[in-house]
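Undergrad: Got a predicted structure here, sequence first:
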Amino acid sequence: MKKYLLLLSFSVLAFSCKEKAENSSENPKETAEVAPKEELKENEWTVLFDGTNLDNLQLYGNDNSIENWKIEGDALVFHPPTERPKDTYYNLVTKKEYTSFILSIDWKISEGGNSGIFWGIKDDGTYGQPYETGLEVQVLDNQKHPDAKNGTDRQAGALYDMVAPSKDVTKPIGEWNTAVITINHKTNTGSSVLNGVTVAEFPLNGADWNSLLKNSKFNGWDGYAAYKTGKIGVQDHGDVVAYRNIKIKELD
């Protein structure tokens, strides 16, 4: 009887080990199936600038050479011209238009500098500047640029002249900041995230949007925020500014 029980115990143990081995052999397959899905999810991002070329970008209003925007290391740096022809600006825009999206972009402003990130830009020759149609998330030296004294809704991370950032989370001058801007027309929501903090949220249409517009400098501007689909751009405000790691994920 003892011999029988001993043999039975060995049989159960052998079956258990075999089952574990079979399960273990399946695990690599499961891992192999999950990894491509995660990789595909990451590949939903489209790189607009990675430090190697300017193929996805052009000057607002034309496609001439981008003389004042220089690739330095992995960054795109704007150097204002020493002599500027009257009413000439070097705003940079995407060649493609976008509607709903998540935009991720690093920025670094010079001391006392000013720039901005636009979307919904109409670039068909009708308007002279991106800000005439495009909404803007502010890029600014909050400490030394005078526009910061004109209200918190003109400070870095703000929906310019409309929604002030909830707090100042900018890095010291000379350090990189990361902005993530989400525009979703299907849900009527927009947001500005700066250095991992959601600093501004806003509607894109409706009564609440109309109220924001009415109380801003843009009230009555023909064409302002009128285009759901438009180009994305960065501003020449006359100061040195750098951008890098520019990528976008379009939303259905």
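TA: Noted; the coordinates are in hand.
Undergrad: care to break the chain down by domain?
TA: 1-43, 46-250 (automatic domain parsing).
Undergrad: now the shortest one: mean pLDDT?
TA: Averaged across domain 1-43, the pLDDT comes to 41.
Undergrad: What ranges does the stretch 1-150 of the chain have for its strands?
TA: Applying DSSP state E, counting those that start in this stretch to the stretch 1-150 of the chain gives strands spanning 46-49, 57-59, 69-72, 75-78, 92-94, 101-109, 114-121, 135-140.
Undergrad: who wins for proximity to Asn177 among those?
TA: strand 101-109 (5.4 Å; Cβ to Cβ). Where C-beta positions appear, they are placed from N, C-alpha and C, glycine not excepted.
Undergrad: List the buried residues in that closest one.
TA: Phe101, Ile102, Leu103, Ser104, Ile105, Trp107, Lys108, Ile109 (16 or more other Cβ atoms under 10 Å).
Undergrad: What strands flank it, and is each parallel or antiparallel?
TA: strand 177-184 (antiparallel), strand 241-250 (antiparallel) (DSSP bridges).
Undergrad: I'd like those written out as a markdown table, with mean pLDDT added.
TA: Below are those laid out as a markdown table (pLDDT from 0 to 100):
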| stretch | mean pLDDT |
| --- | --- |
| strand 177-184 | 98 |
| strand 241-250 | 98 |
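Undergrad: Please produce a markdown table containing those strands, extended by distance to Val199 and mean neighbour count.
TA: Converted to a markdown table, these look like this (distance: least, Cβ to Cβ, whole Å; neighbours: other Cβ atoms under 10 Å):
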| stretch | distance to Val199 | mean neighbour count |
| --- | --- | --- |
| strand 177-184 | 10 | 19 |
| strand 241-250 | 19 | 20 |
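Undergrad: May I see these arranged in CSV, with distance to Ile121 as well?
TA: Converted to CSV, these look like this (distance: least, Cβ to Cβ, whole Å):
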stretch, distance to Ile121
strand 177-184, 12
strand 241-250, 14
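Undergrad: just the helices in the protein please.
TA: Counting by DSSP state H, the chain has these helices, from start to end: 2-42, 207-214.
Undergrad: And the last one, what does it pack against?
TA: Spelled out, it's helix 207-214. Applying 3 or more Cβ pairs under 8 Å, 6 or more residues apart in numbering; DSSP states H and E, we find helix 207-214 packed against no helix or strand.
Undergrad: any idea how far the closest residue to Gly73 other than its chain neighbours is from Gly230?
TA: Nearest non-adjacent residue to Gly73, counting by Cβ to Cβ, 6 or more residues apart in numbering: Gly51, 6.7 Å away. Distance check for Gly51 against Gly230: by Cβ to Cβ, to the nearest Å, it reads 25 Å.
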